[in-house]
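S.K.: Sequence plus the predicted model coming up.
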Amino acid sequence: MIDFKEFREKNSLTQKEAAAYFGVSQAFISQIERGDRSIPSTFISKIKADNRYSIPEHTPPVDSANIVMQLVEKIEDLRQQLGEQINENKHLQEENTRLVEENNALRAKNERLIN
């Protein structure tokens, strides 16, 4: 994965020039650089196909320990949310059972009063 801003700056391109080259808006390029969008594979293909620009060899180091910790935290958060949802569902099932039993008792009482 390349750092698009690094690519653009290494090749002395403004966002506007990069947008014109790739046939997109400057706002689209800005979104890529902010991380709001991923780099389309067509961009990489175009760069490699015409050899007009170079792709930086440097790729930022991956802090795998940090990524693992973030994933562990996210999994723990999701596990907690799931546990809360399960407890809420159990509560709702118990309430539903109670209401069904109450409804059946009222039906039975109604039947006795009719007969």
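M.R.: That came through fine.

S.K.: who's in contact with the nearest residue to N11 once chain neighbours are set aside?
M.R.: Here the nearest residue to N11 in space, its sequence neighbours aside, is Y53; by Cβ to Cβ, 6 or more residues apart in numbering that works out to 4.4 Å. Every residue, glycine included, has its C-beta placed from N, CA and C. Y53 sits next to F7, N11, L13, Y21, I47 when contact means Cβ atoms under 8 Å, 6 or more residues apart in numbering.

S.K.: Now do the domain split for this protein, please.
M.R.: 4-50, 63-115 (automatic domain parsing).

S.K.: any idea which of the ones you listed is most buried?
M.R.: Ranked by mean neighbour count, the domains of the chain are led by domain 4-50 with a mean of 15 (mean count of other Cβ atoms under 10 Å).

S.K.: how long is that domain from one end to the other?
M.R.: 17 Å (Cα to Cα, to the nearest Å).

S.K.: What segments of this structure are helices?
M.R.: With DSSP state H as the criterion, the chain has helices at 4-10, 15-22, 26-34, 41-50, 64-114.

S.K.: and E57, which of those is closest to it?
M.R.: Of all the helices of the chain, the one in closest proximity to E57, counting by Cβ to Cβ, is helix 4-10 (9.8 Å).

S.K.: ok, back up a step: need the helices of the chain in a markdown table (columns: distance to E57 and mean pLDDT).
M.R.: Putting these into a markdown table (distance: least, Cβ to Cβ, whole Å; pLDDT from 0 to 100) gives the following:
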| stretch | distance to E57 | mean pLDDT |
| --- | --- | --- |
| helix 4-10 | 10 | 92 |
| helix 15-22 | 19 | 96 |
| helix 26-34 | 19 | 95 |
| helix 41-50 | 13 | 89 |
| helix 64-114 | 21 | 92 |
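
S.K.: And the pLDDT at the residue nearest to the spatial centre of the chain?
M.R.: Among the residues of the chain, the one closest to the centroid is D36, at 10.9 Å (Cα atoms, centre = their mean). At D36, the model reports a pLDDT of 91.
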